[in-house]
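[1] Give me a model of this one.
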Amino acid sequence: MRKMYMTITLLVLASLLLTACPTPAVSPTPLPATPTTAAPPPAAGKVCQVTDTGGVDDKSFNQTAWKGAQDTAAELGWEATFLESEQQTDYEKNINEFLASDCDLIVTVGFLLGDATKAAAEANPDQKFQILDFAYDPAIDNVWGQVYATDQGAFLAGYVAAAVTKTGKVGTFGGINIPPVTDFMDGFALGVAYYNEQNGTNIEVLGWDVEAHDGLFTGDFTDQDKGRQTAESLMDEGADIIMPVAGPVGLGAAAAVQDRGGAYIIGVDTDWTVSAPEYADIVLTSVEKRLDLSVLTASKAVADGSYAGGTQVSTLENGEIGISPFHGLDTMVPDNVKADLEQITADIIAGTIQTKP
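    Residues are numbered from 1 along each chain as shown. Purely as a prediction, here's the structure:
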């Protein structure tokens, strides 16, 4: 009995000791932190491009302008966006859409957007615009009008064409008879004439009459079949070098030249060996119009507060006009002709050679 009592007593004491010594607290395992995604900083600005009917991937002036918008985004941290105009009635609609989109700079591409851009700019004096291939007289305070002395680059291309033709005939044609097109054609024909004058030759230009200021046009900038047909017609007349000034229409001409053989193309706006590499084997050179630099320059002016309306001119001297390298056809152009081009360039910049009628 006594043993049982002692056993019970010991059990009670043990229970009291356990109660007096609480179990150590166990720290809970921390949950992994919820990952947070930092919101990207807002764009520093926004450049908005309205294309002509050729579209943003026309391998010509719309695409070059879009490259300038993309370069702006890369260099300045801006947002770049565009709206394509499928027909001329889209110009006003697309500009109005961008007017409601907080654009720091609205860029309209092409001579044909002149009226729509003017109306929008005058109705919205606080919005900054840039129009490529057009300028206003008198100037509009909030429109940067960018024009191109393409006649200077085309003069060099005409000189080269005259130097390498085998048939004694070279050709050109345009999309529509407007100054941004005919400036190319004037320069090309005058470059051929200068070659004739300097070398005692009589190379003929088909498709353009400088004095009459008229020539061969397809009537648009989109129908590549018309470009093919026009190039075939010029080749039928004996032209073995052709400069189409018609945006994507010119690609139809390049296809015709490549299919038939025995002739070459001079590209316009961009270096066609790069922008249309499928025709690299028949592209002698291209008359480059650096719309990309123009868009980037205007955007930088908006960013640093130096933007001003008025007319800006791209030339051989400021590097926004020129001809492309001869690439794989370099051996077609004699060294003395390349030397001539350097001197002609210097003379054009100095004003001793005129590239317009």
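
[2] what are the ranges of the helices in the stretch 1-150 of the chain?
    2-20, 61-76, 90-99, 114-123, 150-164 (DSSP state H, counting those that start in this stretch).

[3] residues in contact with the nearest residue to Thr218 once chain neighbours are set aside?
    Closest residue to Thr218 apart from its sequence neighbours, by Cβ to Cβ, 6 or more residues apart in numbering: Lys226 at 4.1 Å. Just so you know, the C-beta spots here come from the backbone N, C-alpha and C atoms, and that holds for glycine as well. By Cβ atoms under 8 Å, 6 or more residues apart in numbering, the contact list for Lys226 reads Thr218, Gly219, Asp220, Val249, Gly252.

[4] ok, now Trp66?
    Counted by Cβ under 8 Å, 6+ apart, Trp66 has contacts Gln49, Thr51, Val56, Ala80, Phe82.

[5] One more pass at 7 Å, please.
    Each residue near Trp66 by Cβ atoms under 7 Å, 6 or more residues apart in numbering is listed here: Gln49, Val56, Phe82.

[6] what's the pLDDT at the closest residue to it other than its chain neighbours?
    In this structure, Trp66 finds its nearest non-sequential neighbour in Val56, 5.0 Å apart by Cβ to Cβ, 6+ apart. pLDDT, Val56: 94.

[7] correct me, but Val56 touches Leu83?
    No. The pair Val56 and Leu83 does not pass the contact test of Cβ atoms under 7 Å, sitting 9.0 Å apart.

[8] did I read that right, Gly322 in a strand?
    Yes. Looking at Gly322 with DSSP: H, G, I helix; E, B strand; the rest coil, it is inside a strand.

[9] what bridges to it?
    Glu288 (DSSP bridges).

[10] correct me, but it touches Ala154?
    No. Shown here, Gly322 and Ala154 do not form a contact pair, counting by Cβ under 7 Å, at 10.8 Å.

[11] And the two? Which one has more around it.
    A direct count of neighbours by other Cβ atoms under 10 Å for Gly322 and Ala154 places Ala154 higher, at 30 against 20.

[12] Quick check: the gap between the residue nearest to Trp66 and Pro334.
    39 Å (Cβ to Cβ, to the nearest Å).

[13] ranges for the helices of the stretch 201-350 of the chain?
    224-236, 249-260, 272-275, 291-304, 335-350.

[14] Which one, of those helices, ends up nearest to Tyr136?
    helix 291-304 (15.2 Å; Cβ to Cβ).

[15] quick one: low-confidence parts of this protein?
    1-42 (pLDDT under 70).

[16] Report the central residue of it.
    Most central in the chain under Cα atoms, centre = their mean is Thr64, positioned 0.9 Å from the mean C-alpha point.

[17] ok, now which ones touch the nearest residue to that one once chain neighbours are set aside?
    Excluding the flanking residues, the one nearest Thr64 by Cβ to Cβ, 6+ apart is Leu291, at 4.4 Å. Leu291 is in contact with Phe61, Thr64, Ala65, Gly68, Leu132, counting by Cβ under 7 Å, 6+ apart.

[18] wait, which of those residues is closest to Ile176?
    Using Cβ to Cβ, those come closest to Ile176 at Phe61, 13.4 Å.

[19] Could you give the number of residues near the nearest residue to that closest one once chain neighbours are set aside?
    In space, and not counting its chain neighbours, Phe61 is closest to Asp269: 4.6 Å by Cβ to Cβ, 6+ apart. By the measure other Cβ under 10 Å, the count of residues near Asp269 is 27.

[20] Repeat that for Gly68.
    Count around Gly68 with other Cβ under 10 Å applied: 25.

[21] one step back: so the residue nearest to the centre of the chain sits against Leu293, correct?
    No. Judged on Cβ under 7 Å, Thr64 makes no contact with Leu293 at a distance of 9.2 Å.

[22] Between helix 150-164 and the longest helix along the chain, find me the angle.
    Counting residues, the longest helix found in the chain (DSSP state H) is helix 179-199. Interaxial angle, helix 179-199 versus helix 150-164 (axes from the mean of the first three to the mean of the last three Cα atoms, to 10 degrees): 40 degrees.

[23] Which strands or helices does helix 179-199 pack on?
    helix 150-164, strand 169-174, strand 241-245 (3 or more Cβ pairs under 7 Å, 6 or more residues apart in numbering; DSSP states H and E).

[24] Return the most buried member of the ones you listed.
    Most buried of these, by mean neighbour count (mean count of other Cβ atoms under 10 Å): strand 241-245, with a mean of 30.

[25] Give the pairing partners of that strand; include direction for each.
    By DSSP bridges, strand 241-245 pairs with strand 169-174 (parallel), strand 264-269 (parallel).

[26] returning to what we had before: okay, Val56 and Pro334: which has more neighbours?
    When Val56 and Pro334 are compared for neighbours, Val56 comes out ahead with 18 against 11, by other Cβ under 10 Å.

[27] List phi and psi for the more buried one.
    phi -70, psi -20 (degrees, to the nearest 10).

[28] if we can go back for a sec, would you mind measuring from the residue nearest to Trp66 to Asn124?
    From Val56 to Asn124 the distance is 24 Å (Cβ to Cβ).

[29] Asp304 now?
    On the measure of Cβ to Cβ, Asp304 and Asn124 end up 22 Å apart.
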